[in-house]
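In: Could you work out the structure for the sequence below:
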Amino acid sequence: MLRNFLTVGGWTMLSRILGLVRDQLLAAFMGAGPLQDAYQVAFRLPNMFRRLFGEGAFNAAFVPMFSTVMVQEGRDEARLFARRTLGVMLAWLVFLCVLGEVFMPQVLRVIAPGFLQHGDRYAMAVSLSRITFPYLVMICAAALLAGVLNGLHRFGMASAAYLAFNVVGILAIVGASPFLPTVAYAAAWGVTVSGVVQLGLLAWACEKAEFGLMPLWPSLTPSIRQLLRRMVPGLIGSGVGQINLTVDTIIGTLLPAGSVSLMYFADRINQLPLGVLGAAAGTTLLPVLTRHLSAGDIQAAHRAQNRSVEYVILLTLPAVAGLLVLAGPIMIVLFGHGSFTEHDALLSAQSLRAYAVGLPAFILVKVLSPAFFARGDTRTPVYVGIGVLVLNFVLNLLFMVPLTHVGPPLASSITACVNVAFLVVLLLRKNALVVYGTTLSHMGRVCLAALFMGLGLWGVGSIVTLPAIFVTRAVWLTGMVMGGAALYAVLLHAFGVADLPDMLARIRGRLRRRAG
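Out: Here you go, the predicted structure:
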């Protein structure tokens, strides 16, 4: 299990690094303006359907059923179930894709109404969306094949194939741009071609595993009906999140040109800690809670929940402090090149700070929701999500004029905090959450450590300002990040949260064991 975890984690980390390179190229070639806005909306549309139908809800329903059929009925029946599922999925996705291609102008009138004020931006978004939309067919089918490979315990290719999105995207931006009208067209074609490559790699991996998956004619067999029923709660939950993102996009298109781009690049930085910590917390906590509750060990479940909250606060608050203080230098060093000016980077940093305020809440939602799921309650988090969806829309309307590109990120952060508050209250009323005094004390001391770390970074940054040359800027930012981490560790030791000498001894011991 550890080897598989490290395999998936390694490929994921490499994918994130390549994704950062791809985003830097997008920023350098297109900057923050109408062209970038049009591309981001064109990519967000198929990406939204990918998250709805290709990942999350589908994998959560398909992989357990596939594994169960494999164990109970054998390899042939599992392969038959996967082929039937693939046939139904492709029929639905191709139908959806054809509708999207035909009615794309009308779709963009709904999700990007602000583009209508500028005909060129609207026409560009329609053209780019028609190029990127077929990506949803390939990537959703690829998600099924990846689920099959995971069920066969072949994790390497299932994780490595997703690198193709960033690799092909980088090659398209760099190599195809001279032959197309704009860089945006090259990036859009890169999205669709990457879907073909990913699906091809995963199909080849299935063939190599002697588990070829030629789709069968779609038929709603009892097992397919059961799969669809299991997907419904996940689709509703995922749909709430995607509607939130769509609302942010709609509001963003009504703001000055470039606002969608500014928020996109800020969110990409915010997603680094959110993606790693949120996914890790939610994924690892659910099976632990389920096991303890199944055994009737309520106290162990409460302890696991408290430990998860402590870990999230411990790892998230320094990220919040660092992003609040260093948002400007981070955006300048990573994206302030070419067409994406230093002024654009500073504006995007404002959005990043607004996102960072809600970072702990975004992750705590993923920690608190498993407490409902482990008890068989899949509805309550969805109902709460629908309620905060309305709040997010109202806040967006209130903030859009005075705060422009800071409004949607701030609305999302406030909404996440309200979401956490409701989940905590409901869990307390159900006696499903008991917050220990030691946990509250731990969280208080961590807050102080993060606060003093942030003040330390701010003090050093006000004395030693960001240099003018890129190389020295990168060195300056690296030094600030490493210095902040070191200061945070010392403060945790001083406040009694962690034993620094013991931590260093453990790290040295692990390094020696690996060397041996």
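In: Tell me how far the closest residue to Gly33 other than its chain neighbours lies from Val394.
Out: Distances taken as Cβ to Cβ, 6 or more residues apart in numbering put Gly258 closest to Gly33, at 4.9 Å, once the chain neighbours are dropped. Bear in mind the C-beta positions are built from the backbone N, C-alpha and C, glycine included. Per Cβ to Cβ, to the nearest Å, Gly258 is found 25 Å from Val394.
In: out of these two, which sits in the more crowded spot?
Out: Gly258 (22 against 12; other Cβ atoms under 10 Å).
In: List phi and psi for the more buried one.
Out: Phi and psi for Gly258, reported as degrees, to the nearest 10, are phi 100, psi -10.
In: Would you tell me which helix is longest in this structure?
Out: Counting by DSSP state H, the longest helix found in the chain is helix 298-335.
In: Would you map the helices across the stretch 51-200 of the chain?
Out: 57-73, 75-102, 104-111, 119-132, 135-151, 155-160, 163-171, 183-208 (DSSP state H, counting those that start in this stretch).
In: Tell me which of those sits nearest to Pro501.
Out: Pro501 lies closest to helix 155-160 among the helices of the stretch 51-200 of the chain, at 36.6 Å (Cβ to Cβ).
In: and that closest one, what's its mean pLDDT?
Out: Mean pLDDT, helix 155-160: 64.
In: And for stretch 475-487?
Out: 95.
In: Please identify the buried residues of that stretch?
Out: For stretch 475-487, burial by neighbour count (16 or more other Cβ atoms under 10 Å) applies to Trp476, Leu477, Met480, Gly484, Leu487.
In: List the contacts of it.
Out: Stretch 475-487 is contacted by residues 318, 321-322, 326, 329-330, 333, 452-453, 456-457, 460-461, 464, 466-467 when judged by Cβ atoms under 8 Å, 6 or more residues apart in numbering.
In: which one among the residues you listed gets closest to Phe43?
Out: Ile330 (22.8 Å).
In: Now, of the contacts of stretch 475-487, which are buried?
Out: Buried among those by 16+ other Cβ under 10 Å: 318, 321-322, 326, 329-330, 333, 452-453, 456-457, 460-461.
In: Identify the farthest-apart pair in the residues you listed.
Out: Within these, Val333 and Phe452 form the most distant pair, 24.6 Å apart (Cβ to Cβ).
In: contacts for stretch 296-313?
Out: Contact with stretch 296-313 is made by 277, 281, 285, 288-289, 292-293, 360, 363-364, 367, 371, 374, 433-436, 439, 442-443, 446-447, as judged by Cβ under 8 Å, 6+ apart.
In: same question for that stretch, mean pLDDT?
Out: 87.
In: How much space separates the closest residue to Leu86 other than its chain neighbours from Val333?
Out: Once flanking residues are discounted, Leu86 sits nearest to Pro215: 4.2 Å by Cβ to Cβ, 6+ apart. Taking Cβ to Cβ as the measure, Pro215 falls 46 Å from Val333.
In: do the same with Leu20
Out: In this view, Leu20 and Val333 are 12 Å apart by Cβ to Cβ.
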